[in-house]
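Novice: kindly generate the corresponding structure for this input.
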Amino acid sequence: MPLLLTILLILLLLIVIAVLYLLLVPIDLMVTGMLEPEGVTAEGGLIWGVAGFVAEQRQGNLRTAIMLFGHRFWFSMEQGQQKPEVSVKPEEPVAPAEESEEHLEEKRRSSGPGAGEVISMVEEAWPRITDLLGSTIRAVEIRSVTIDMTFGLSDAAKTGEVFGYLMAIRGMLTPVPWFSMGVTPVFGTITLAGTGSGTLRLNHPGTLLVPIARLLFCRPVWRMIRARGAS
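Specialist: Modelled structure (predicted):
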């Protein structure tokens, strides 16, 4: 078999695999949070098949990681340490120089579109925006929302009243299969702690490529992109 034909077949196979990956492999978005007396811990992740991205915030420290085949590879250091303060000698104020009209006009052009231009662009591109929003809503699936909390107020009667409201909300959402909530009241003590998590799934993400492209290449958006690129 000629070498060129072999290379073309390999490229075709890679393209088919990429298209199938886009169309069939869902994207999972996960968020988890924990509220404790020591502070707030939060973690968010995006997983697409064998790869993903995770960000974790714990007691003021932020870490990020890349996920491959379920394993996390942390590539950022903790950012909780404060930078040492550096004293800077204040400079003497300098009187602003007068700017020419040509310079002011150039600054107005390079500052980007104004509010009126943005509103006009949104009105023009609104059909494309609603098309993308509709496609995204149809593709998004709520997998789970879980809340488990412990709370208490200084007034036991108010604690019971709030607990009744929360139980009413849980009762209304009981038929929803992906929702779960647990509440534990503490009477006579001010406290608030708990955990929460949620998972969304974007099914068939490749189906969003067409509405995204239609939005990016419609006349008002493309005109703004070209204007920003020219500036």
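
Novice: enumerate every residue touching the nearest residue to residue 205 once chain neighbours are set aside.
Specialist: Among residues not flanking residue 205 along the chain, residue 27 sits closest, at 5.3 Å (C-beta to C-beta, 6 or more residues apart in numbering). Every residue, glycine included, has its C-beta placed from N, CA and C. When contacts are counted by C-beta atoms under 8 Å, 6 or more residues apart in numbering, residue 27 is found next to 46, 47, 48, 201, 202, 205.

Novice: can we see that at 6 Å?
Specialist: With contacts defined as C-beta atoms under 6 Å, 6 or more residues apart in numbering, the neighbours of residue 27 are 48, 202, 205.

Novice: residue 171: which element?
Specialist: Secondary-structure assignment from DSSP states H and E places residue 171 in helix 156-172.

Novice: elements contacting that helix?
Specialist: Secondary structure elements in contact with helix 156-172, counted by 3 or more C-beta pairs under 6 Å, 6 or more residues apart in numbering; DSSP states H and E, are strand 179-185.

Novice: 8 Å instead?
Specialist: Using 3 or more C-beta pairs under 8 Å, 6 or more residues apart in numbering; DSSP states H and E as the contact criterion, the neighbours of helix 156-172 among helices and strands are strand 140-152, strand 179-185.

Novice: could I get the buried residue list for that helix?
Specialist: For helix 156-172, a neighbour-count test (16 or more other C-beta atoms under 10 Å) marks 159, 162, 163, 166 as buried.

Novice: same thing with stretch 24-37?
Specialist: Using 16+ other C-beta under 10 Å as the test for burial, stretch 24-37 gives 26, 27, 28, 29, 30, 32, 33, 34, 35.

Novice: can I get the contacts of residue 27 in a markdown table including pLDDT and distance to residue 181?
Specialist: Converted to a markdown table, the contacts of residue 27 look like this (pLDDT from 0 to 100; distance: C-beta to C-beta, whole Å):
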| residue | pLDDT | distance to residue 181 |
| --- | --- | --- |
| 48 | 90 | 29 |
| 202 | 92 | 25 |
| 205 | 88 | 30 |
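
Novice: the residues you listed into CSV, with extra columns for neighbour count, secondary structure and distance to residue 145?
Specialist: Converted to CSV, those look like this (neighbours: other C-beta atoms under 10 Å; DSSP: H, G, I helix; E, B strand; the rest coil; distance: C-beta to C-beta, whole Å):
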residue, neighbour count, secondary structure, distance to residue 145
48, 17, strand, 21
202, 17, strand, 16
205, 17, helix, 21
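
Novice: between the helices and strands packed on helix 156-172, which gets nearest to residue 209?
Specialist: With distances scored as C-beta to C-beta, the stretch of those nearest to residue 209 is strand 140-152 (15.8 Å).

Novice: got a list of contacts for the closest one?
Specialist: Applying C-beta under 8 Å, 6+ apart, the contact partners of strand 140-152 are 28, 35, 159, 162, 178-203.

Novice: same check, this time on stretch 42-60
Specialist: Defining contact as C-beta under 8 Å, 6+ apart, one finds that stretch 42-60 is touched by 21, 25-34, 38-41, 62-69, 72, 80, 205.

Novice: among those, name the ones in strands.
Specialist: The subset of the contacts of stretch 42-60 located in strands under the criterion DSSP state E comprises 27-34, 39-41, 62-68, 72.
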